[in-house]
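> show me how the following folds:
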Amino acid sequence: MTAAVAAEPLPITPPEPLSAVYDAVVFSSNDWASASDFAWIYGIVIGWDRAGLLEVAGRYGWSAEKIIRLRQLHRAYRKLQTAEAKLSGKQGTHG
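Got it, this is the predicted structure:
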């Protein structure tokens, strides 16, 4: 038995995958400091404040180079998210 799948209408505005990831992290009940990979994702998408970054870096043994890399990735994510917002006509929607 198969069901017909209706064609998905084209969106009026472009999709915003980076903002969707941001929202998923921000509105999640996860403890983003509970595991190294969670903390890394949070650091890229949301960004840790100085105290939080020092805490998770110490907890998971992140080197100075890894911390620098995380900050670079966060800045790159924010730049891409800003560009995404401009394409969709939304300015300054996050952080």
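> low-confidence ranges, this protein, go.
Scanning the chain for pLDDT under 70 picks out the ranges 1-6, 10-14, 91-95.
> longest helix in it, by number of residues?
helix 64-88 (DSSP state H).
> buried ones in that helix?
Neighbour counts over helix 64-88 (16 or more other CB atoms under 10 Å) mark 67, 70, 74, 77-78, 81-82, 84-85, 88 as buried. In short, each C-beta sits where N, CA and C put it, glycine included.
> check which helices and strands it sits against.
The contact analysis (3 or more CB pairs under 8 Å, 6 or more residues apart in numbering; DSSP states H and E) places helix 64-88 against helix 17-26, helix 36-45, helix 50-60.
> at 6 Å what do you get?
Applying 3 or more CB pairs under 6 Å, 6 or more residues apart in numbering; DSSP states H and E, we find helix 64-88 packed against helix 17-26, helix 36-45.
> can I get the ones you listed in TSV including mean neighbour count?
Below are the helices and strands packed on helix 64-88 laid out as TSV (neighbours: other CB atoms under 10 Å):
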stretch	mean neighbour count
helix 17-26	14
helix 36-45	18
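> CSV for those helices, including distance to Tyr60?
Shown next, in CSV, are the helices and strands packed on helix 64-88 (distance: least, CB to CB, whole Å):
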stretch, distance to Tyr60
helix 17-26, 18
helix 36-45, 4
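> roughly how far does the residue lying closest to Leu80 once chain neighbours are set aside sit from Arg78?
Nearest residue to Leu80, sequence neighbours excluded (CB to CB, 6 or more residues apart in numbering): Leu18, at 5.7 Å. For Leu18, the distance to Arg78 equals 9 Å [CB to CB, to the nearest Å].
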